[in-house]
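>>> attaching a predicted model along with its sequence, questions to come.
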Amino acid sequence: MRSRSKLLATLTLLVAAAAAWPAAAQFNNVTHDARSGAMGGLFLPQDDRCQAAVTYRYGFLTSALADKGLQALWPTKRFGTVAAAYHHLGNTDYHEQQLGAAYLLRATGWLHVGVAARYLHVGTADAHYRPQQWLGADVLLQATPGGNTTLAALAGTRPWDPQQPWRMLAVVAYRPLPQLLTAVGAEREEQLRMRMGLEYCYRECCFVRTGFATNPMVFTFGLGLRQQRYSIDLAVEVHNTLGITPQTTLVLWL
């Protein structure tokens with residue numbers, strides 16, 4: 001009965017949100033995590049501890065376009081790791097909501113396989129515009145062949161764009177030093193984007209991050225503070241046209 005209760009609670013949590021991995025929405029340059037945002041918007045592997053996170057991102061020069069999100073990650077002994085999150089992107093004239101769930105299974109000692117489903121709702125304040133909804137899905141492979149190297153690849157659908165119905169991401173993360181993380185990735189949606197990020201850790205609690213992305217060129221940097229039960233991450237994205245976009249994420253480990 002306890003196992004069934006845990007499974008029911010997990011499913012209830014999943015219904016409340018969308019994939020914890022960055023699920024590209026109609027605004028493809030939006031990242032949902034300040035750590036990722038400070039490192040060039042890279043797709044980064046998640047911490048495997050049980051956690052809940054709140055994130056907020058605000059665009060000064062995009063008509064006060066704000067991105068707000070809640071997400072949760074729940075490792076289980078029998079069912080792998082489940083993830084859920086809800087994101088709302090919009091202002092008074094436009095809104096975009098994502099709702100969905102993700103599941104990650106440890107296939108071997110160094111290989112993880114995951115799937116994610118997401119629901120996207122887009123609407124505007126225009127009375128003549130009918131809101132639109134789409135269902136999307138992703139498949140994730142994450143490998144850690146060595147203690148200092150992580151490889152990740154994700155393929156998913158973009159049903160809102162019949163010209164480019166697929167998206168693909170690939171990331172290689174490497175630690176040349178225990179306190180230094182380097183990562184480079186490629187993303188293919190409407191066009192090819194390259195991303196690169198660096199993260200330096202001081203005494204396992206303070207983090208300095210920087211990165212960039214191409215097409216269009218975007219520079220990023222940020223700071224992080226991590227304690228035993230929580231972390232606070234700050235990020236700033238500098239875009240040639242959209243200006244400065246700050247972002248913050250609060251993570252609680254349960």
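That came through fine. Numbers count the residues shown, from 1 in each chain.

>>> C-alpha from now on. contacts and neighbour counts both.
Noted.

>>> the helices in the chain, which residues?
All helices of the chain, identified by DSSP state H, fall at 2-15, 34-38.

>>> mean pLDDT lowest where, among those?
Mean pLDDT is lowest for helix 2-15 among the helices of the chain, at a mean of 37.

>>> Met196 contacts Ala213, doesn't it?
Yes: counting by Cα atoms under 8 Å, Met196 does reach Ala213; the two are 6.6 Å apart.

>>> measure stretch 174-183 end to end?
6 Å (Cα to Cα, to the nearest Å).

>>> check which residues of that stretch are buried.
For stretch 174-183, the neighbour count (16 or more other Cα atoms under 10 Å) marks Tyr174, Arg175, Leu180, Leu181, Thr182, Ala183 as buried.

>>> ok, residues contacting it?
Residues from elsewhere that reach stretch 174-183 (Cα atoms under 8 Å, 6 or more residues apart in numbering): 42, 148-150, 171-173, 196-202, 204.

>>> mean confidence for that stretch?
On average, stretch 174-183 scores 94.

>>> picking up where we left off before, which among the contacts of stretch 174-183 end up buried?
Here, 16+ other Cα under 10 Å leaves Leu42, Thr149, Thr150, Val171, Val172, Ala173, Met196, Gly197, Leu198, Glu199, Tyr200, Cys201 buried among the contacts of stretch 174-183.

>>> ok, so of those, who is nearest Arg130?
Nearest to Arg130 among the buried ones among the contacts of stretch 174-183, counting by Cα to Cα, is Leu42 at 33.2 Å.

>>> ok, the closest one - contacts?
By Cα under 8 Å, 6+ apart, the residues touching Leu42 are Ser36, Val171, Ala183, Val184, Gly185, Arg195, Met196, Gly197.
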